[in-house]
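**Q** based on what follows, work out the 3D shape:
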Amino acid sequence: ERYHLNARMLSMGMLRLDENDKSKNILLDDFKYKERDIVLIDESHNFRYSDTQRYQILQPYLQTRKAIFLTATPRNKSAWDIYNQIKLFHPEDKTDLPIDPPDLRQYFKDIENGKKELPDLLRHLLIRRTRTHLLKWGYAHKDLKGRCYIIIKEHGIESKKYFPKREKPFTLEYSIDKTYKGLYNQIRSIIGKPRKFNTFYLSKLPEDELTYARYGLWNYVKKHKKGKPPYTDLHRAGRNLRGLIRVMLFKRFESSVYAFRESIKRMININKRFLASVNEGIIPAGEEAKNLLYESDQYDESQLIDELRKIRRKYEPQDFEINRLKEDLKKDISLYKNIYELVKDINANNKDPEQDDKLSVLIQRLKDDEKLKNKVLIFTQYAETAKYLYNNLNQESRSDIVSIDSTHKNRSNIVNRFSPKANEY
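**A** Below you'll find the predicted structure:
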């Protein structure tokens with residue numbers, strides 16, 4: 001509204017297939033979006049995998065529309081990340097782009113083999129705007145003091161907008177082993193190493209390492225059923241899921257003691273609910289089942305089983321090695337409980353920040369650095385870590401310390417308070 005743009009915003013999380021009717025597409029069916037001609041996609045690297053629901057919904061929508069992708073990290077692991085983003089708006093491999101060979105898939109294979117260079121392709125698609133570029137091509141200017149600025153016209157009035165001064169990043173070093181009371185290696189061994197999970201490797205796992213059975217159901221499908229639908233879907237879905245869950249645990253492990261502790265509590269509950277369902281002859285797979293498992297605090301166990309029965313379809317218990325699945329679920333529940341016991345008391349009441357070395361280092365830096373006496377903005381990937389920091393940094397309940405996340409209803413007011421001039425507050 002401020003910039004008078006006739007635009008609609010849609011969260012990436014809304015790009016999901018309807019379990020009951022997979023032909024439905026929110027972008028193509030909803031009048032708010034289907035008449036739009038230009039699509040601006042922020043953080044487009046989130047579409048680097050072509051087998052996700054969000055990708056499958058977005059790709060057909062972009063075939064008749066112009067698209068602008070914004071990302072600071074278009075490539076994560078390989079050049080194929082960029083290939084998949086290009087394919088969103090360029091579905092055919094044959095291309096009129098001036099590349100040799102004029103075939104995107106072959107060109108990316110050549111990149112992978114070192115025969116071609118990715119920048120030779122990207123220069124036909126990518127617009128990169130660094131400070132150096134803006135100065136070189138006259139989009140930005142320098143004043144007499146050497147400060148860089150661009151000219152912005154608002155309400156018919158031109159004004160100079162200066163580039164902020166960039167400070168060199170400073171690394172705060174802490175001991176993760178000290179944070180976890182010397183238990184780092186023990187917890188790490190339970191979470192496990194990167195592995196190619198299959199039936200053979202599962203049988204060779206150490207007793208004190210998680211199996212992630214909940215996320216690799218295809219490994220428990222009986223051999224004569226594995227290559228048949230609908231079980232092939234489980235193979236595709238679970239191929240990378242175990243690794244992603246393991247990485248998620250490590251990320252939360254590093255983020256904060258509190259975020260990790262809360263994750264472990266959830267994993268205990270989810271696996272217990274899953275095991276209860278299996279004991280009742282239900283394999284709770286699919287989007288609706290997943291939602292019920294994750295959101296079932298409102299149900300007692302018997303109600304949860306009843307709700308899962310209502311949506312049960314596709315997967316028959318007799319097609320699984322049920323006893324082995326149950327044993328691995330029980331093992332994981334036990335190991336998650338072991339982890340929780342190890343970390344449950346580390347600064348649990350938010351009164352002993354010295355127990356958490358990472359938190360202690362941050363607090364000391366805030367006290368010692370004069371540049372941080374005015375305003376400080378702390379970003380974190382996890383809302384639970386933000387809550388943990390807020391509780392530990394705001395022992396005196398000061399009104400000028402706040403914590404916000406995506407669920408906060410007054411985010412705009414808080415942002416405006418933090419930066420009133422920029423937001424004309």
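**Q** please make it C-alpha for all contacts and neighbour counts, starting now.
**A** OK.
**Q** helix or strand for residue 235, which one?
**A** Using DSSP states H and E, the element containing residue 235 is helix 231-238.
**Q** secondary structure element for residue 153?
**A** With DSSP H and E as criterion, residue 153 is part of strand 148-154.
**Q** the helix or strand just after that strand to strand 148-154, inter-axis angle?
**A** Next along the chain after strand 148-154, taking DSSP H and E as the criterion, comes strand 157-162. Strand 157-162 runs at 150 degrees relative to strand 148-154, counting by axes from the mean of the first three to the mean of the last three CA atoms, to 10 degrees.
**Q** and strand 157-162, how far from the chain's centre?
**A** Distance of strand 157-162 from the chain centroid (CA atoms, centre = their mean, to the nearest Å) equals 37 Å.
**Q** just checking: what are the partner strands of it?
**A** When pairs are called by DSSP bridges, strand 157-162 turns out to pair with strand 148-154 (antiparallel).
**Q** contacts for the partner strand, please.
**A** Here strand 148-154 makes contact (CA atoms under 8 Å, 6 or more residues apart in numbering) with 139, 140, 141, 142, 143, 158, 159, 160, 161, 162, 163.
**Q** what's the distance between it and the middle of its chain?
**A** Centre-to-centre, strand 148-154 and its host chain are 35 Å apart (CA atoms, centre = their mean).
**Q** what's the burial count for residue 285?
**A** Residue neighbour count, defined by other CA atoms under 10 Å, stands at 21 for residue 285.
**Q** tell me the pLDDT at the closest residue to it other than its chain neighbours?
**A** Leaving aside its sequence neighbours, residue 285 sits nearest to residue 315 (CA to CA, 6 or more residues apart in numbering; 7.8 Å). pLDDT, residue 315: 82.
**Q** could the contacts of strand 148-154 be laid out in JSON lines, adding neighbour count?
**A** Listed next are the contacts of strand 148-154 as JSON lines, based on neighbours: other CA atoms under 10 Å:
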{"residue": "139", "neighbour count": "13"}
{"residue": "140", "neighbour count": "19"}
{"residue": "141", "neighbour count": "17"}
{"residue": "142", "neighbour count": "12"}
{"residue": "143", "neighbour count": "9"}
{"residue": "158", "neighbour count": "10"}
{"residue": "159", "neighbour count": "12"}
{"residue": "160", "neighbour count": "13"}
{"residue": "161", "neighbour count": "12"}
{"residue": "162", "neighbour count": "15"}
{"residue": "163", "neighbour count": "12"}
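**Q** now those in CSV, with pLDDT?
**A** Formatted as CSV, the contacts of strand 148-154 follow (pLDDT from 0 to 100):
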residue, pLDDT
139, 88
140, 92
141, 92
142, 92
143, 92
158, 90
159, 90
160, 91
161, 90
162, 92
163, 90
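**Q** so, low pLDDT: which residues of the chain?
**A** 1-3, 19, 197-201, 236-240, 286-313 (pLDDT under 70).
**Q** any idea how far residue 56 is from residue 323?
**A** 36 Å (CA to CA, to the nearest Å).
**Q** repeat for residue 257
**A** 36 Å.
**Q** of those two, who's got more company?
**A** Higher neighbour count among residue 257 and residue 56: residue 257, with 26 against 18, using other CA under 10 Å.
**Q** strands along this structure, start to end?
**A** 38-42, 66-70, 141-142, 148-154, 157-162 (DSSP state E).
**Q** what is the shortest one packed up against?
**A** This points to strand 141-142. strand 148-154 (3 or more CA pairs under 8 Å, 6 or more residues apart in numbering; DSSP states H and E).
**Q** now do the buried residues in the strand it packs on.
**A** 148, 149, 150 (16 or more other CA atoms under 10 Å).
**Q** try stretch 410-425
**A** 414, 418.
**Q** endpoint to endpoint, that stretch covers what distance?
**A** Termini of stretch 410-425 sit 14 Å apart (CA to CA).
**Q** what does that stretch rub up against?
**A** Contacts for stretch 410-425 (CA under 8 Å, 6+ apart): 375, 402, 404, 405.
**Q** how about stretch 178-194?
**A** With contacts defined as CA under 8 Å, 6+ apart, stretch 178-194 is touched by 176-177, 208-210, 243, 246, 249-250, 257, 335, 339, 342-343, 346, 355-358.
**Q** out of the residues you listed, which are buried?
**A** The neighbour count (16+ other CA under 10 Å) marks 176, 208-210, 243, 246, 249-250, 257, 335, 339, 342-343, 346, 355-358 as buried among the contacts of stretch 178-194.
**Q** for the stretch 251-400 of the chain, what spans make up the helices?
**A** All helices of the stretch 251-400 of the chain, identified by DSSP state H, counting those that start in this stretch, fall at 257-279, 287-294, 301-311, 322-343, 357-368, 383-393.
**Q** need those in JSON lines (columns: distance to residue 85).
**A** Listed next are those as JSON lines, based on distance: least, CA to CA, whole Å:
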{"stretch": "helix 257-279", "distance to residue 85": "31"}
{"stretch": "helix 287-294", "distance to residue 85": "25"}
{"stretch": "helix 301-311", "distance to residue 85": "34"}
{"stretch": "helix 322-343", "distance to residue 85": "37"}
{"stretch": "helix 357-368", "distance to residue 85": "37"}
{"stretch": "helix 383-393", "distance to residue 85": "28"}
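**Q** compare those and give me the one nearest residue 76.
**A** Within the helices of the stretch 251-400 of the chain, the stretch nearest residue 76 is helix 383-393; the backing value is 23.7 Å (CA to CA).
**Q** what about dumping the CA coordinates of that closest one to PDB?
**A** C-alpha atoms of helix 383-393 as PDB (Å, rounded to 0.1, in the frame of the first residue of the first chain):
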ATOM      1  CA  ALA A 383      12.000 -19.100  16.900                       C
ATOM      2  CA  GLU A 384      12.800 -21.200  20.000                       C
ATOM      3  CA  THR A 385      16.400 -19.800  20.000                       C
ATOM      4  CA  ALA A 386      14.900 -16.300  19.800                       C
ATOM      5  CA  LYS A 387      12.700 -17.100  22.800                       C
ATOM      6  CA  TYR A 388      15.600 -18.500  24.700                       C
ATOM      7  CA  LEU A 389      17.700 -15.400  24.000                       C
ATOM      8  CA  TYR A 390      14.900 -13.100  25.000                       C
ATOM      9  CA  ASN A 391      14.300 -14.900  28.300                       C
ATOM     10  CA  ASN A 392      18.000 -14.800  29.200                       C
ATOM     11  CA  LEU A 393      18.800 -11.200  28.000                       C
END
